[in-house]
Every structure is written in structure tokens, then in C-alpha cells.
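[1] please work out how this folds:
(chains A and B)
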Amino acid sequence: QAQLVQSGSELKEPGASVKVSCKASGYTFSNYGMNWVRQAPGQGLEWMGWINTDSGKTTYVQGFTGRFVFSFDTSASTAYLEISSLKAGDTAVYFCARKIRRIYGMDVWGQGTTVIVSS
Amino acid sequence: QTVVTQEPSLTVSPGGTVTLTCASSTGAVTSGYSPNWFQQKPGQAPRALIYSTSDKHSWTPARFSGSLLGGKAALTLSDVQPEDEAEYYCLLYSGDQGVFGGGTKLTVL
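    Residues are numbered from 1 along each chain as shown, chains lettered A, B, ... in the order given. Prediction:
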């Protein structure tokens, strides 16, 4: 069955960059887009955007433009979220979630990656 | 930007029925908003329950159902079980942009 496995927790200093990976298995990677969702400590879910893993087209929601970049490697069946110029406010759990094919929504979720930004 | 509003908290007795709602600041929620519902328990990743207003995933228990109710998206839990205690989030789409609601903390007591 479809599964998403994310990379481990990260502790970074302000100003550094981080790259979170999301490895897919159990399905054809390029047939399903990938969403990214942020959850700050004690807060709700925030939809960051998604990447079409066939065309490479990206959609970012306001507030996640500029320092946030979605990418993927089809040969590795892996999607990536890179965040640059990290700030304390980026401290959160980041989830990848597979886009349901041909409609809006998400079905399979990764386990989440905790990113802590602290000096 | 669209604001999506959910009840902050609800309480239900085991075996009871409860309805959670999801409203949009832009007006009545329709099927065009592609309402999705997710369940999240503490320390866990969210789990998808409902998509396209009322469609269930293969793993969604039959006691969960989605609908449109009074201009809002709704998630109804019937015969509530203790394990249904969790945070529930709705997700609405405007074009290809999604917005989560703030979540409803459901207590089973």
C-alpha cells in the first residue's frame, strides 16, 4: 500500500537552511502530486502548497513564498521541502501528504519531520 | 485570504452522534470547495477521513460521514467510540489553494 516516510528531526541555527525529504513507496510517484503542511507547536494545520510531480508545477500559498521551495527526484520517488534563511518562527512539524489523483484533497500522509530553529 | 471556521470544541457521549461544521468567510460552502476532513490524535500525523464533501477513503470507518449542511461542510460521527476523541480539521479549496480550518477538539465523555 502507499506509504510516505519522511526524514528525521532537524535542529538548525537561525539563518541556516534545511531540506526535508519525503520518500514514497507502493505507488507510481509521478501519478500523484505532493502537498506540504506545517504545524507549529500547539497549533493547527497550515497548507503550504503542493507540487505536481509530473509537470513540476508548484503552487505556494501566501506566506510560504520565497524561502520555501518544493522539489522532487522521480528516480528516487522522493519529494523535498527546502527552507532557507531559517527563523525561530519556522519551528514546526512539517508533513508531506499525497494529493488525491485528479481532485483536490490529500489521502496518505508522512509521519512528519520536526524542525527546530534555535541558537 | 479565505478564513475557514470550525467549532473550537465539542463534547459527545459514547454511542452518541455529533456533527462538526466548517464555514468559509467567503460565503456558503459548496461542493466546489472540495471539502476534506482529517482526524489528528496527539503526537500523530493527521489521517484523512473524507474528500469531495462526502467520499470516504478505504480506511474510513462507516460511522463517519460528510455532507453540506446550512451553507457549511459537515462531518457527522454516529455511534461515537472512545477512540474518536481527537482533533478534527476541515480543508476547503478556493481554486487550487487550500485552507485548513482551525480544528475542533472532540471530547468523548
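
[2] so which bits of chain B are right by chain A?
    By CB under 8 Å from any CB of the partner chain, the residues of chain B that approach chain A are B:1, B:34, B:36, B:38, B:40, B:45-48, B:51-52, B:57, B:87, B:89, B:91, B:93, B:96-103. Heads up, the C-betas are built off the backbone N, CA and C, glycines and all.

[3] can we see that at 7 Å?
    Counting by CB under 7 Å from any CB of the partner chain, the residues of chain B lying close to chain A are B:1, B:34, B:36, B:45-46, B:48, B:51-52, B:57, B:89, B:91, B:93, B:96-100, B:102-103.

[4] quick one: contacts for the spatially most central residue of chain A?
    For chain A, the residue nearest the mean C-alpha position is residue A:36 (3.8 Å; CA atoms, centre = their mean). Neighbouring residues of residue A:36 by CB atoms under 7 Å, 6 or more residues apart in numbering or on different chains: A:48-50, A:70, A:81, A:94, A:96.

[5] enumerate the residues of chain A near chain B.
    By CB under 7 Å from any CB, the residues of chain A that approach chain B are A:44-47, A:59, A:61-62, A:95, A:100, A:103-107, A:109-112.

[6] which ones among these are found in strands?
    Residues of the residues of chain A next to chain B located in strands (DSSP state E): A:45-47, A:59, A:95, A:106-107, A:109.

[7] my read: residue A:74 touches residue A:29, true?
    Yes: using CB atoms under 7 Å, residue A:74 makes contact with residue A:29 at a distance of 5.9 Å.

[8] overlap in contacts of the two?
    With CB under 7 Å, 6+ apart as the test, residue A:74 and residue A:29 both reach residue A:53.

[9] tell me which of the two has more neighbours.
    Counted by other CB atoms under 10 Å in any protein chain shown, residue A:74 and residue A:29 do not tie: residue A:29 has more neighbours, with 20 against 13.

[10] quick revisit: out of the ones in strands among the residues of chain A next to chain B, which is nearest to residue B:61?
    For these, the closest approach to residue B:61 (CB to CB) belongs to residue A:107, at 15.5 Å.

[11] which residues in chain B form strands?
    Per DSSP E, chain B has strands spanning B:4-6, B:9-12, B:18-24, B:36-40, B:47-51, B:55-56, B:64-69, B:72-77, B:86-94, B:97-100, B:104-108. These are given in chain order.

[12] buried only: go through the residues of chain B next to chain A for me.
    By neighbour count, with 16 or more other CB atoms under 10 Å in any protein chain shown, those hold B:34, B:36, B:45-46, B:48, B:51, B:89, B:91, B:93, B:97-100, B:102-103 as buried.

[13] just flag the most distant two among those residues.
    The most widely separated members of these, counting by CB to CB, are B:45 and B:97 (22.1 Å).

[14] which SS state does residue A:89 fall under?
    Of the three states, residue A:89 takes helix according to DSSP: H, G, I helix; E, B strand; the rest coil.

[15] list the contacts of stretch A:54-63.
    Stretch A:54-63 is contacted by residues A:30, A:47-51, A:68, A:70, B:1, B:96-97 when judged by CB under 7 Å, 6+ apart.

[16] picking that back up, can I get the buried part of the ones in strands among the residues of chain A next to chain B as one ChimeraX selection?
    In ChimeraX, selecting the buried portion of these, with burial taken from 16+ other CB under 10 Å, looks like this:
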select /A:45,46,47,59,95,106,107,109
